[in-house]
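> Sequence first, then the predicted structure:
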Amino acid sequence: MSLSCLERPGLVHGDVIANWNSAFHRALKVELNKTHKMPIKGDVSVLDALTAQLPVLNELSTLHMTALRNFVASNPNVKFHDLHEELFSVRPRPSQEEA
């Protein structure tokens, strides 16, 4: 799922992510109101059009995570770059294994 999605499995500090989402949305709205004042079709703003794409992006993210899980299961010795592991890890973290 996308990094800012509150339904992401294993998400910690959901309140921080929710605050970040709200701040990002407000900032994006302000910037788009400055740069894209006219609706793109009828009364649909650029922000409306982008927001409407969120379910599609979340579905793509889910498909990506499924493909990663399948790849890791088939190739358990493959090591990803640390940033990739942090963002997209499908392997249990040490603290999760102990629980």
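That came through fine.
> State the pLDDT value of residue 79.
pLDDT, residue 79: 85.
> Quick one: residues contacting it.
Going by Cβ atoms under 8 Å, 6 or more residues apart in numbering, residue 79 touches no other residue. Placement of C-beta: from N, CA and C, glycine included.
> Lowest-scoring secondary structure element of this protein by mean pLDDT?
helix 94-98 (a mean of 52; mean pLDDT, DSSP states H and E).
> From the rest of the structure, what touches the helix or strand encompassing residue 34?
Using DSSP states H and E, residue 34 falls within helix 14-35. With Cβ under 8 Å, 6+ apart as the test, helix 14-35 has contacts from 4, 6, 11, 45, 46, 47, 50.
> which among the residues you listed gets closest to residue 88?
Nearest to residue 88 among the contacts of helix 14-35: residue 11, at 13.4 Å, using Cβ to Cβ.
> Can you tell me the element the closest one falls in?
Here residue 11 is assigned to no helix or strand, by DSSP H and E.
> Backbone dihedrals for residue 44, please?
phi -90, psi 120 (degrees, to the nearest 10).
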